[in-house]
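# pasting a predicted model and its sequence here:
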Amino acid sequence: MPLDLAEVHQIIQIDSELNKIRDYDMLLERILFEARRVVNADAGSIYVKEADQIAIKYAQNDTKQKRLLPGEKEVYPLFKIPIDDKSISGYVAMTGESLRLDDVYHLPEGCPFSYTTKYDEESNYKTTSMLTVPLKTQNNNVLGVIQIINGRDKDGNVVAFTKDDEALVSHFASNATVALQRAYMTRAMIIRMIRMAELRDPKETGAHVNRVAGYSGEIYEHWAYKQGLPAKEIAKNKDSFKLAAMLHDVGKVAISDLILKKPARFTPEEYKIMQTHTWAGARLFDDPQSDLDGIAADVALTHHDAWDGSGYPGWVDPATGEAQKVDAEGKVLPRKGEEISVYGRIVAVADVFDALISSRVYKQAWTEEKVLEEMQSMSGTKFDPEILNIFFEIYPRIQQIRQRYPDLSHE
């Protein structure tokens, strides 16, 4: 049955909104939300293909969300499923065909796959109807799978999904895949820039910048919610901010290898040179073409400024590196407190946390307990106390991001 006019308009509107999202993770989350919305589904998951497996990236559940306090988000387990005929999502990824099931506890005879009930038991949630649709490119390559759970009627009762629902989600998934490919290319380009920096600085790894971006986005979202900002503004800013956070240390490409790769402690003169990576990075965005450029410049310039004014570079002009504001002795005045961009204040927390808790070729990872104690000790000095409090409030989400982007063995 073809889509009716209202459904066509809805799909067009969603396509327009998805095409504005640049961050890959945010797009995945939004695709899942919209797929559920078009068929009024209570829950769902989205998986992305990784070699011969599919990995869960996002899960949403309206029923479980209602159990949380306002502003909180559900933390779901991360896992991977083989692409084979043993599971429902693996079967759809393998065949590239949609699958509509009225009751996963009573599957049709002859099905090669089964439903694992332990997820329901662990989460105290009952899955009944399920619609699983592949995310396919125009060349029929499967990028992932959307799994929609428990359709609802107008009274909120769980009902089976219909053929019309399947057609609607399949049509939506086809269009969403185009936006997903574009977002993936954007992230891939940024990661290539990071890898270029990684060739020179072993601290700048793809996993590190993905984690810093993830932490920063979650902290910002919770902070903005507490500020009472509109949901659309929060989503728009978070989209740009996550990409900008990935580029926080891009200015290090301007630092000499003699300093960048020095195994010993910097001399005062070398430390001064290292500090220039902040405004050198900001200068890369001195011809802003979008809000992303402006936020990226803020992040690069201010993520080493400290709440109490003890950080760097302070009030300097990114274009020249010269002082914009000086004290009575002619020294650069520090930025402090809310003079520092909120984006810079957030990345400061995210960057330091990840540096302390991660192992590198030159250091062992600190224990989680020691890291959290050290972070707390810097409240009001290096870190904005409000931002740090939010970091602790959403710490389960921080831990989940760490799991999502593990370091590779060579890092």
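Everything's here; your move.
# so where's the stretch 151-300 of the chain uncertain?
The stretch 151-300 of the chain contains residues with pLDDT under 70 at 195-205.
# before we move on, what about the stretch 1-150 of the chain?
Regions of the stretch 1-150 of the chain meeting the criterion pLDDT under 70 cover residues 1-12.
# got the domain boundaries for this structure?
Taking automatic domain parsing as the domain assignment, the ranges for the chain are 5-183, 200-404.
# the ones you listed: which one's closest to R192?
R192 sits nearest to domain 200-404 of all the domains of the chain, at 9.4 Å, using Cβ to Cβ. The way it works is simple: take the backbone N, C-alpha and C, and place the C-beta from them, glycine included.
# what about K86, distance to A51?
According to Cβ to Cβ, to the nearest Å, K86 and A51 sit 17 Å apart.
# so where do the helices sit in the stretch 101-250 of the chain?
Using DSSP state H, counting those that start in this stretch, the helices of the stretch 101-250 of the chain run over 118-123, 163-198, 206-227, 231-246.
# before we move on, the earlier item: K86 and A51: who's more crowded?
For K86 and A51, the more surrounded residue by other Cβ atoms under 10 Å is K86, and the numbers stand at 14 against 8.
# so that one is in contact with T116, correct?
No. With contact defined as Cβ atoms under 8 Å, K86 does not count as touching T116 (9.7 Å).
# need the domains of the chain in TSV (columns: distance to I190).
Conversion of the domains of the chain to TSV gives the following (distance: least, Cβ to Cβ, whole Å):
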stretch	distance to I190
domain 5-183	10
domain 200-404	5
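# re earlier: among the helices of the stretch 101-250 of the chain, which is the most enclosed?
Among the helices of the stretch 101-250 of the chain, helix 206-227 has the highest mean neighbour count (mean count of other Cβ atoms under 10 Å), at a mean of 22.
# re earlier: to I194, which of the domains of the chain lies closest?
The nearest among those, by Cβ to Cβ, is domain 200-404 at 5.1 Å.
# mind listing the strands for the stretch 1-150 of the chain?
Here the stretch 1-150 of the chain has its strands, by DSSP state E, counting those that start in this stretch, at 41-50, 53-61, 80-82, 99-101, 130-136, 142-152.
# hey, which of these is tucked in deepest?
Highest mean neighbour count among those (mean count of other Cβ under 10 Å): strand 130-136, a mean of 25.
# distance between that strand and the chain's centre?
Distance, stretch centre to chain centre, for strand 130-136: 23 Å (Cα atoms, centre = their mean, to the nearest Å).
# quick one, it and strand 41-50 angle?
Here strand 130-136 runs at an angle of 40 degrees relative to strand 41-50 (axes from the mean of the first three to the mean of the last three Cα atoms, to 10 degrees).
# packing partners for strand 130-136?
Counting contacts by 3 or more Cβ pairs under 8 Å, 6 or more residues apart in numbering; DSSP states H and E, strand 130-136 packs against helix 88-95, strand 99-101, strand 142-152, helix 163-198.
# and those: which comes nearest Y58?
The stretch from those with the least distance to Y58 (Cβ to Cβ) is strand 142-152; that distance is 10.0 Å.
# just how off-centre is the closest one within its chain?
20 Å.
# adjacent strands (with direction) for that strand?
Looking at strand 142-152 with DSSP bridges, its partner strands are strand 41-50 (antiparallel), strand 130-136 (antiparallel), strand 158-159 (antiparallel).
# run through who's touching the first one.
What it means is strand 41-50. 28-29, 31-32, 35-36, 54-64, 80-81, 83, 89, 93, 125, 127, 131, 142-152, 158, 161 (Cβ atoms under 8 Å, 6 or more residues apart in numbering).
# re earlier: turn the strands paired with strand 142-152 into CSV, including distance to K238.
Converted to CSV, the strands paired with strand 142-152 look like this (distance: least, Cβ to Cβ, whole Å):
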stretch, distance to K238
strand 41-50, 18
strand 130-136, 22
strand 158-159, 32
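# with respect to S98, which of the ones you listed lies nearest?
Here strand 130-136 is closest among the strands paired with strand 142-152 (Cβ to Cβ), at 4.7 Å.
# can you dump the C-alpha coordinates of the closest one into CSV?
Below are the C-alpha coordinates for strand 130-136, written out as CSV (Å, rounded to 0.1, in the frame of the first residue of the first chain):
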residue,chain,number,x,y,z
MET,A,130,9.1,-6.3,16.7
LEU,A,131,10.0,-4.7,13.3
THR,A,132,13.6,-5.1,12.1
VAL,A,133,14.7,-3.2,9.0
PRO,A,134,18.1,-3.1,7.3
LEU,A,135,19.9,0.2,6.6
LYS,A,136,21.0,-0.3,3.0
